[in-house]
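In: Only the shape, not the letters, is given here:
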Ligand SMILES: NC(=O)c1ccc[n+]([C@@H]2O[C@H](COP(=O)([O-])OP(=O)(O)OC[C@H]3O[C@@H](n4cnc5c(N)ncnc54)[C@H](OP(=O)(O)O)[C@@H]3O)[C@@H](O)[C@H]2O)c1
């Protein structure tokens with residue numbers, strides 16, 4: 001099946017930002033979409049907008065991961081595409097990064113995709129499905145003040161490659177997108193809200209294309225990697241970054 005028409009896609013962190021952009025695009029392509037996140041309100045609002053299904057849950061809890069996959073399969077009849085998009089970012093210098101902050105990054109950004117993939121795997125194998133992990137350009141290059149985040153996203157890159165190698169013989173593709181700066185609510189968790197607009201403007205300069213990204217920019221790449229058009233693509237780490245890592 002080349003298009004996403006009729007495919008069943010579970011998108012973690014799908015209520016906001018990049019995840020919501022992917023959910024909107026997949027729904028527009030005819031996919032049947034299931035979104036998750038910890039807060040109910042953004043999920044409910046997106047469901048009203050695009051008619052998707054949703055369940056609140058925490059990807060860092062294996063029992064929640066199993067429950068979210070089970071609800072998707074029960075309500076929509078299966079699972080073809082898992083998008084591991086949920087993530088957290090808290091920036092601080094190495095010396096000031098607490099054990100709790102380091103643990104948070106590893107729990108949500110690394111263990112989350114791992115638990116979700118474990119729960120989804122039997123369903124993906126049964127239907128020849130695929131997994132898309134959302135890492136970051138900070139998973140392949142260093143940024144001062146982002147050691148915990150960078151380490152977690154570097155792990156997502158390597159996890160993608162290991163899962164791709166392991167699951168290819170079972171007919172499951174696994175790919176990864178590394179976005180650079182995309183305008184989403186995540187920046188309100190790394191700096192004061194009133195500083196975000198200026199910071200985003202300042203960060204235009206690191207993108208040779210001359211603008212920061214929007215969720216729709218990532219959604220287009222996600223649509224390709226999750227569709228049958230990418231049927232011979234697995235273990236790919238795709239920079240969707242306005243050229244930020246080209247220089
Ligand atoms: N924006 C960028 O510039 C950028 C660049 C590179 C990579 N990324 C990555 O893109 C992904 C999406 O981020 P975004 O920029 O779109 O920011 P966002 O709008 O804050 O999205 C993050 C989503 O993850 C969910 N989430 C957080 N912790 C969770 C948990 N423990 N369990 C389940 N869901 C959880 C959040 O919902 P709840 O709070 O309701 O749980 C939220 O919907 C992240 O993995 C991020 O690291 C973003």
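Out: Yep, it's here. These figures come from a predicted structure and were not determined experimentally.

In: wait, what's in contact with the residue nearest to residue 190 when sequence neighbours are not counted?
Out: If the residues on either side of it in the chain are set aside, residue 190 comes closest to residue 91, at 4.7 Å by C-beta to C-beta, 6 or more residues apart in numbering. Any C-beta I mention is one placed from the backbone N, CA and C, and that applies to glycine too. Residues in contact with residue 91 (C-beta atoms under 8 Å, 6 or more residues apart in numbering) are 145, 146, 149, 190, 191.

In: Could you pull out the strands in the chain for me?
Out: Along the chain, the segments classed as strands by DSSP state E run 8-12, 32-37, 53-56, 81-84, 130-134, 173-179, 237-240.

In: now the ones you listed in JSON lines, with distance to residue 25 and mean neighbour count?
Out: Putting the strands of the chain into JSON lines (distance: least, C-beta to C-beta, whole Å; neighbours: other C-beta atoms under 10 Å) gives the following:
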{"stretch": "strand 8-12", "distance to residue 25": "10", "mean neighbour count": "28"}
{"stretch": "strand 32-37", "distance to residue 25": "10", "mean neighbour count": "28"}
{"stretch": "strand 53-56", "distance to residue 25": "17", "mean neighbour count": "20"}
{"stretch": "strand 81-84", "distance to residue 25": "11", "mean neighbour count": "29"}
{"stretch": "strand 130-134", "distance to residue 25": "12", "mean neighbour count": "27"}
{"stretch": "strand 173-179", "distance to residue 25": "13", "mean neighbour count": "26"}
{"stretch": "strand 237-240", "distance to residue 25": "13", "mean neighbour count": "18"}
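
In: returning to that earlier point: scan the contacts of residue 91 and report the most crowded one.
Out: residue 149 (26 neighbours; other C-beta atoms under 10 Å).

In: Run through the residues of the chain sitting next to the ligand.
Out: With C-beta under 6 Å from any ligand atom as the criterion, the chain comes near the ligand at residues 12-13, 15-19, 37-39, 58-60, 85-89, 108, 134, 136, 179, 181-182, 184-186.

In: hmm, 5 Å instead?
Out: Of all the residues in the chain, those in contact range of the ligand (C-beta under 5 Å from any ligand atom) are 13, 15-18, 37-39, 58-60, 85-87, 108, 134, 136, 179, 181-182, 184-186.

In: if you count residues, which helix in this structure comes out on top?
Out: For the chain, the helix that runs over the most residues, judged by DSSP state H, is helix 147-167.

In: what sits up against that one?
Out: Residues from elsewhere that reach helix 147-167 (C-beta under 8 Å, 6+ apart): 84, 87, 89-92, 94, 97, 101-102, 104-106, 108-110, 113-114, 117, 121, 124-125, 131, 133-136, 138-140, 142-143, 173-176, 178, 234-235, 237.

In: center of the chain - which residue?
Out: Centrality entry for the chain: nearest residue to the mean C-alpha point is residue 85, 1.8 Å, by C-alpha atoms, centre = their mean.

In: OK, contacts around that one?
Out: Contacts here follow C-beta under 8 Å, 6+ apart; on that basis residue 85 touches 11, 12, 13, 14, 18, 19, 22, 134.
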